[in-house]
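> Give me coordinates for this.
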Amino acid sequence: MAAQAKYVAVYDTPFWREDGLSGRIASQIGPLGEAHDLSGEGGKPAAVFGFVGWPPEMRENPDELDTEILYQLARCFGEDVEDYTASGLIDWAKNPFICTETDREEPPRHPEVAPDILREPQADGRIVFAVAEVGANSPGLIEGAFDAAQTASAHIIEAFALDAEEGLEAD
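Numbering: from 1, shown residues only. I've put the predicted structure just below:
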């Protein structure tokens with residue numbers, strides 16, 4: 001996933017909901033391969049975010065990419081997409097600390113399930129990984145992030161419970 005990019009557009013209201021739309025896109029046409037409603041409770045703030053499916057070499061011009069994304073969103077949600085209050089692009093392919101040349105050359109794909117050891121506490125329980133890529137289910141996706149967070153939090157809660165028991169025994 002190192003060569004991926006994420007885009008977000010922020011709006012005053014989640015106008016797509018007024019038209020009975022979910023804000024979810026799955027597409028083979030346009031820069032966004034998928035998009036989701038990222039709006040907060042009650043629609044504030046209102047936002048749509050998506051993962052850019054175009055390869056890194058097609059994302060070199062951010063202004064052109066922004067135009068193409070808005071064109072795609074307009075096809076899906078209507079012309080109101082042009083009334084965004086803010087937008088942003090994070091292109092991990094441009095970060096040499098995240099993405100290598102090999103990452104850029106591989107076809108886009110989600111990571112495979114990582115070894116179990118990455119879901120176990122490390123360094124005597126002082127380090128617990130809680131990122132989408134270490135999820136036992138759907139690594140690299142939001143479900144993988146939730147899975148990893150649940151696993152990590154269970155380890156942390158267990159560690160605090162053990163520390164509390166040891167503290168009681170010491171008294």
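
> Would you pull up how far the helix or strand encompassing Glu165 lies from the middle of the chain?
Here Glu165, judged by DSSP states H and E, is contained in helix 142-170. Per C-alpha atoms, centre = their mean, to the nearest Å, the displacement of helix 142-170 from the mean C-alpha position of its chain is 24 Å.

> quick one: pLDDT of His36?
Per-residue confidence (pLDDT) for His36: 94.

> which element is it on?
His36 belongs to strand 32-37, assigned by DSSP H and E.

> Low-confidence regions, this protein specifically.
For the chain, the stretches with pLDDT under 70 are 1, 108, 167-171.

> Tell me where it has helices.
Shown for the chain, the helices assigned by DSSP state H span residues 15-18, 62-77, 101-105, 142-170.

> what's around Arg126, how many residues?
Using other C-beta atoms under 10 Å, Arg126 is surrounded by 8 other residues. For every residue, glycine as well, the C-beta is placed using N, CA and C.

> centroid residue for this protein?
Centre of the chain computed as the mean C-alpha position; nearest residue by C-alpha atoms, centre = their mean is Ile142, 6.2 Å away.

> And that one, how far from Pro14?
19 Å (C-beta to C-beta, to the nearest Å).

> now Arg75
18 Å.

> So which of those two has more stuff around it?
Pro14 (21 against 13).

> List the contacts of that one.
By C-beta atoms under 8 Å, 6 or more residues apart in numbering, Pro14 lies in contact with 23, 37, 39, 43, 46.

> Would you agree Val128 is in contact with Ile157?
No: Val128 lies out of contact with Ile157 (C-beta atoms under 8 Å); the separation is 10.8 Å.

> Which residue of the two possesses the greater neighbour count?
A direct count of neighbours by other C-beta under 10 Å for Val128 and Ile157 places Val128 higher, at 19 against 10.

> Quick check: the more buried one vs His155, distance?
5 Å.

> Equivalent analysis for Cys99, please.
Per C-beta to C-beta, Cys99 is found 29 Å from His155.

> Leu89 now?
Remark: distance between Leu89 and His155 (C-beta to C-beta) = 34 Å.

> what does Met58 give?
Counting by C-beta to C-beta - Met58 and His155 are separated by 40 Å.

> So if I had to pick from the two, which one is more boxed in?
Higher neighbour count among Met58 and His155: His155, with 17 against 13, using other C-beta under 10 Å.
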